[in-house]
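Trainee: Return a 3D structure for these sequence lines:
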Amino acid sequence: MGDAPPAEAAPAEAAPAEAPAAPAGFSADQVEDFKEAFGLFDKVGDNQVAYNQVADIMRALNQNPTNGEVKKLLGSPSAEDMANKRMNFDTFLPLLAKQDAVQKGTYDDYVEGLRVFDKEGNGTVLGAELRIVLGTMGEKMKEDEIDALMQGQEDDNGAVNYEAFVKHIMSV
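Mentor: Numbers count the residues shown, from 1 in each chain. Have a look, this model is predicted:
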């Protein structure tokens, strides 16, 4: 009987070590992939990343958070904290799980949003108008970001097929 309690204690200790590794919705394989990607952003070698890298890591893991959403997840840190504070993978994973649970816009949602700008009803919007919208509404994009996004999307008349544009954006 003296041997039974230590044998029972060992499995009880092992289980909690695995529990944080796979939050709701993630398999152990996914968590390993996430950890590997996280490690690629560790520029110092201390198994941590800067707060200002969290959005990029999430995007590398097929999430699409806005910078505002990431700041909110991080507790609204100052610009200085964004540049200087660091976090480890165990702190990052629950944030990723929270972002993963956010309802994402669908292809149809984006097409419907752009259809408002289709004055001719022909499936196109003016590239110039789309550039203005991207630079002035919602999370405003910089001119070089807009140029990169719009590259090769406008036809000879300066029009953009918005269904093809949305497919392009969602594939990037």
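Trainee: count of residues packed around residue 53?
Mentor: 19 (other Cβ atoms under 10 Å). To be clear about C-beta, it is placed using only N, CA and C from the backbone, and glycine gets the same treatment.
Trainee: for the chain, what spans make up the strands?
Mentor: Ranges of strands in the chain, per DSSP state E, are 48-50, 86-88, 124-126, 159-161.
Trainee: show me the contacts for residue 88.
Mentor: Applying Cβ atoms under 8 Å, 6 or more residues apart in numbering to residue 88 gives the contacts 47, 48.
Trainee: returning to that earlier point: out of the strands of the chain, nearest to residue 78?
Mentor: With Cβ to Cβ as the measure, strand 48-50 is the member of these nearest residue 78 (13.4 Å).
Trainee: would a markdown table of the strands of the chain with distance to residue 112 and mean pLDDT be doable?
Mentor: Below are the strands of the chain laid out as a markdown table (distance: least, Cβ to Cβ, whole Å; pLDDT from 0 to 100):
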| stretch | distance to residue 112 | mean pLDDT |
| --- | --- | --- |
| strand 48-50 | 36 | 97 |
| strand 86-88 | 37 | 97 |
| strand 124-126 | 13 | 96 |
| strand 159-161 | 15 | 97 |
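Trainee: Mind putting the ones you listed into a markdown table with distance to residue 108?
Mentor: As requested, the strands of the chain are exported to a markdown table (distance: least, Cβ to Cβ, whole Å):
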| stretch | distance to residue 108 |
| --- | --- |
| strand 48-50 | 34 |
| strand 86-88 | 35 |
| strand 124-126 | 16 |
| strand 159-161 | 16 |
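Trainee: I'd like to know which of those strands is closest to residue 79.
Mentor: Taking those one by one with Cβ to Cβ, strand 48-50 is closest: 12.1 Å.
Trainee: strand partners of the closest one, parallel vs antiparallel please.
Mentor: strand 86-88 (antiparallel) (DSSP bridges).
Trainee: on that earlier part again, the strands of the chain: which one's closest to residue 170?
Mentor: Residue 170 sits nearest to strand 159-161 of all those, at 14.3 Å, using Cβ to Cβ.
Trainee: Centre of the chain to the closest one, how far?
Mentor: 27 Å (Cα atoms, centre = their mean, to the nearest Å).
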